[in-house]
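Undergrad: Return a 3D structure for these sequence lines:
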Amino acid sequence: METVKINTSQHVDIDYPVAGLGERVAAYLIDLAIFMAIYLVVIFGSIVGSFSGLGEKAIIIAVIIYLASYAFYDLTCEVLFNGQSLGKKLMKIKVVSIDGAQASTGQYFIRWVFRIIDFTLTANLLGFLCVAVSEKKQRVGDIVAGTTVIKTQPATKIEHIAFHPGDEDYVPQFASVHLLADRDIELVHEVIRTYYRTYNAELIYTMSAKVAEFLGITIPEGMNEMQFLKTVSADYIQITSKAV
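TA: Residues are numbered from 1 along each chain as shown. Okay, the predicted model is just below:
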């Protein structure tokens, strides 16, 4: 599975899977369906307008606005909504720079310009073919702009963390975990989840080292880095649950 590394605010790299052809086609069809529905409304409005005496200029203006909206839809959405159109949002995918950073306005513009090559001049075949065969699932516009499309994951909530203490008698091993915040434990959980998807052990080593350094503790002998992170998470939940 192809992934793109995204560096978090805590300077930990997390792998996000690249969106496949299926998700991208589905997002494209959702966006297309939206404009088909709007198109039918415009046509119906034009017919009604012709019978109700609505001026021809008004109908022409409505058509021009519709065509302009269709032409600039992807560019506008991606710039305003952080790399997502409505279709991409529903499919939980988004455009990012190939290095994992948020794409710039210039990158959005370049991939928008190349939609003509990807999805117009070749009857949609070139864009879909490039996504299917390229290493990072990029169409021509993505390759030129230095972008790709990744699958997004909903933010991990503290109540979703799987490493709850076994019972009320659980005794925390690291008292200093109270120095952490919910967002830190969410990140620990996300790193562990990412490891189980990618088996990138470096994530665990890096995260455990940063947590141990922040808490001012040493990982006990006989406890590996994965066990350490799970213990920190369980300790945090136990301590904070008693504080509520």
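Undergrad: Which helix runs longest in this protein?
TA: Longest helix of the chain, by residue count under DSSP state H: helix 21-52.
Undergrad: tell me what that one is packed against?
TA: For helix 21-52, the elements it packs on are helix 56-80, helix 86-91, strand 93-97, helix 125-133, strand 147-151, judged by 3 or more CB pairs under 8 Å, 6 or more residues apart in numbering; DSSP states H and E. Backbone N, C-alpha and C define where each C-beta goes, glycine included.
Undergrad: Mind giving me the packing neighbours of the first one?
TA: Think helix 56-80. Contact partners of helix 56-80 among helices and strands, from 3+ CB pairs under 8 Å, 6+ apart: helix 21-52, helix 105-113.
Undergrad: Just the local confidence number for the residue nearest the centre of the chain, please.
TA: In the chain, the centroid-proximal residue (CA atoms, centre = their mean) is residue 152; its distance is 2.9 Å. pLDDT recorded at residue 152 is 83.
Undergrad: That one contacts residue 93, correct?
TA: Yes. With contact defined as CB atoms under 8 Å, residue 152 counts as touching residue 93 (6.4 Å).
Undergrad: re earlier: export the helices and strands packed on helix 21-52 to CSV and tack on distance to residue 109 and mean neighbour count?
TA: Compiled in CSV, the helices and strands packed on helix 21-52 are given as follows (distance: least, CB to CB, whole Å; neighbours: other CB atoms under 10 Å):
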stretch, distance to residue 109, mean neighbour count
helix 56-80, 6, 14
helix 86-91, 17, 19
strand 93-97, 12, 22
helix 125-133, 17, 17
strand 147-151, 11, 24
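Undergrad: Out of these, point me to the one whose mean pLDDT is lowest.
TA: For the helices and strands packed on helix 21-52, where the average pLDDT is lowest is helix 125-133, sitting at a mean of 79.
Undergrad: Contacts made by the helix or strand following that one with the rest, please.
TA: Where DSSP states H and E defines the elements, the next helix or strand beyond helix 125-133 is helix 140-145. By CB atoms under 8 Å, 6 or more residues apart in numbering, the list of residues contacting helix 140-145 from outside reads 98, 103, 106-108, 110-115, 117-118, 126-127, 130, 134, 136, 147-149.
Undergrad: let's see it at 7 Å
TA: Here helix 140-145 makes contact (CB atoms under 7 Å, 6 or more residues apart in numbering) with 107, 110-111, 114-115, 117-118, 126-127, 130, 148.
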